[in-house]
Structures are given as structure tokens and as C-alpha cells.
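**Student:** Predicted coordinates and the sequence they were generated for:
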Amino acid sequence: MEKEVVTTLTKSKGKSFKEFPYKMCPKLKHKLDLLIKTLNKRDVWILLDGDEGSGKTNMAVYLLYYFHCMTGRDFTLDRFYFDSDEMFNWVKDNSNGLICWDEAALGGLSTEWASRSQINLIKFAMTGRKKHHVFILNVPRFNKLKEDLRKDRIHALIHMDLGKKGDNYGHFIYLTRRGIRSLNRTWEKNKTRPYARCSRMGGFFSTINVPFVMNELIDEDAYEKKKDKAISEIGEKGKKENPYKDKLVLFQSKIVQIMKEYNIDKDRLAAIFGIHPRTLYKWSKRGDVDEIAQSPAT
């Protein structure tokens, strides 16, 4: 594999730096270095999109390893997330992370899950700017990301494109914030995605193929296990128990008790509480109503 040594940026006290051992497009390096220089003031958000198999996850590994070499921040598979709740819990309590949210690996499997995940991202984007994280959001299409994120938070969009013949693995188009705004306007107007036309890097693919680095920099078996676990849990998300279930059932049991003890007509009682008489009948037949009614009130 052809490699070159990339000169590191200014070193910070107490940080361990490495030489970036892979060849990189000079224009891409320049753009990444500009983003790195802003990390002491803000977080950085990079959006990766492209067809399945176009190299998005490999590019995420490649980019995060570059940030690792240039900043001395930890580069670890632990910061590759499929579960937005797990990611949110880590990023809100920590700072200076190198993070990849690899939704693309699960793309389309659960619309509700994806939507809820992006709500978590929006919440953190609004409150976590002082944490100085580097986020790489890995999605199939940029327009699948909620408008609040793709318009206001993304600092760079890298589109992975296999080309017309599908054999240009590792080729990319880099869009700055100005290019992203132009792409968004075009999408909203004609529902097209002219990445190259909106690119500030000349609108062409990179002069190099991004080398396949996943098998060198991360444990692919461990990565696949994390992905399989996330896939198996899709559909379970959002099925949390109602925290007020017991109190709700207790309330229902008291209504049933009142109806029985005072011999109140169920139609009249249902009208008072704005419910259907059949609902009262169902409550009276539920075992958990009787069980909770006999327990001490909380």
C-alpha cells in the first residue's frame, strides 16, 4: 500500500501524536486541518453519505484516525455507535471525543428508530457545543437527515460515489457549508442531488482512492458484532414500560371500587369521567386492577 508521512499540527502539552501513515488528497487534508483548528472553540460535524458499499464506514475510520494522529485524541471502536441512546449518554458526560454514528449500517430497517435517533442528535447539537467532540454521521443520503441537522450543524459533507460503473471505491466529493446550502436548496426545489456541481473542491472525485483501512485500524469482527447487536435490538427501541403504569392502574381500580361500593350506574360514571362504559367493564375484569387496588396507595 502506498503511504506518505503527513506533517502533524502544533502539538499540545500532554498529548501523544502520531504520523498519519496513509496517502491523502492534499485538498482534503487542508479542509480537515481547518476544521481541527476550530476544535478549541466548538465541536465539528461531518456528514458522510453514499450508496451501500461505497466505503462510508471505511472513510469514517480513515478520517477519525487522521483526527487521532493530529490531535492525540483517543481512537477506539468504543466510540463507533449504532445506538443513539448509548452515544448520547457518553457524549453528554465526556468531551474531546472522536465519534462515528453509523446509522448507514442499519439504514431503512426501522424508520421510527432512525427518527428517534436523530431527535437525540438534535438535542445534543443544541446543548453540547462546548464538549468539542468530532462527530461523523454516516447516513445513506444527506436528505435522510433531519433538516435541523443538515442545515445548521454540518460543517462538511463528504459524498462517497462508486461512479457510473460502480467500481470507483473510495472516491469522494467534499462539500463545504456553502456547498451544503446549495445542495439543500437544489434538493428542496427539484429533489435532485448534484453533489459535484455544489462542491467547493472543483466538483471532481479525489485524485486517490481512500485505502481500505478498516482491517488495519479496527477489529472488524468486533465491529460486526456491535452492528449485529444493534440490528437485533431494532424494534425493541421505544417499547419501554410506561413509568406511570402502576399509578394509572391504581387510578382505574379506584374508579371501579367506587362504582361497586356505591352501586353507581356505569353509564353515569363513564359520562362523568368522559370514557366509554365498555372501558369501565374492561377495567373491572382486569386482574391487575384488583391486585393493585388491594395494595397500599403510593
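**Tutor:** Received the coordinates, thanks. Residues are numbered from 1 along each chain as shown.
**Student:** Cys100 looks like it's in a strand, true?
**Tutor:** Yes - residue state for Cys100 (DSSP: H, G, I helix; E, B strand; the rest coil) corresponds to a strand.
**Student:** Make sure it is actually in contact with Thr76.
**Tutor:** No - using Cβ atoms under 8 Å, Cys100 is not in contact with Thr76; the gap is 10.7 Å. Glycine gets a C-beta too; all of them are placed from N, C-alpha and C.
**Student:** These two - which one has more neighbours?
**Tutor:** Using other Cβ atoms under 10 Å as the criterion, Cys100 and Thr76 rank with Cys100 on top: 24 against 12.
**Student:** In this protein, where is pLDDT below threshold?
**Tutor:** 1-16, 104-118, 126-128, 202-207, 234-246, 286-298 (pLDDT under 70).
**Student:** So which residue is smack in the middle of it?
**Tutor:** Central residue of the chain (Cα atoms, centre = their mean): Trp101, 4.5 Å from the mean position.
**Student:** Can you tell me how far that residue is from Lys123?
**Tutor:** In this view, Trp101 and Lys123 are 14 Å apart by Cβ to Cβ, to the nearest Å.
**Student:** can you pull out the helices in this structure?
**Tutor:** 26-36, 56-71, 84-91, 111-127, 147-152, 177-190, 195-198, 214-217, 220-233, 245-261, 266-273, 277-285, 287-293 (DSSP state H).
**Student:** Please identify the deepest-packed of the ones you listed.
**Tutor:** helix 56-71 (a mean of 22; mean count of other Cβ atoms under 10 Å).
**Student:** Kindly export that one (C-alpha atoms) in PDB.
**Tutor:** Extracted in PDB, the C-alpha atoms of helix 56-71 (Å, rounded to 0.1, in the frame of the first residue of the first chain):
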ATOM      1  CA  LYS A  56     -18.700   5.200   4.100                       C
ATOM      2  CA  THR A  57     -17.600   3.300   7.200                       C
ATOM      3  CA  ASN A  58     -14.100   2.900   5.800                       C
ATOM      4  CA  MET A  59     -13.900   6.600   5.200                       C
ATOM      5  CA  ALA A  60     -15.100   7.300   8.700                       C
ATOM      6  CA  VAL A  61     -12.300   5.200  10.100                       C
ATOM      7  CA  TYR A  62      -9.800   6.900   7.800                       C
ATOM      8  CA  LEU A  63     -11.000  10.400   8.900                       C
ATOM      9  CA  LEU A  64     -11.200   9.600  12.600                       C
ATOM     10  CA  TYR A  65      -7.700   8.100  12.600                       C
ATOM     11  CA  TYR A  66      -6.400  11.300  10.900                       C
ATOM     12  CA  PHE A  67      -8.000  13.400  13.700                       C
ATOM     13  CA  HIS A  68      -6.500  11.000  16.200                       C
ATOM     14  CA  CYS A  69      -3.000  11.500  14.700                       C
ATOM     15  CA  MET A  70      -3.300  15.200  14.500                       C
ATOM     16  CA  THR A  71      -4.900  15.900  17.900                       C
END
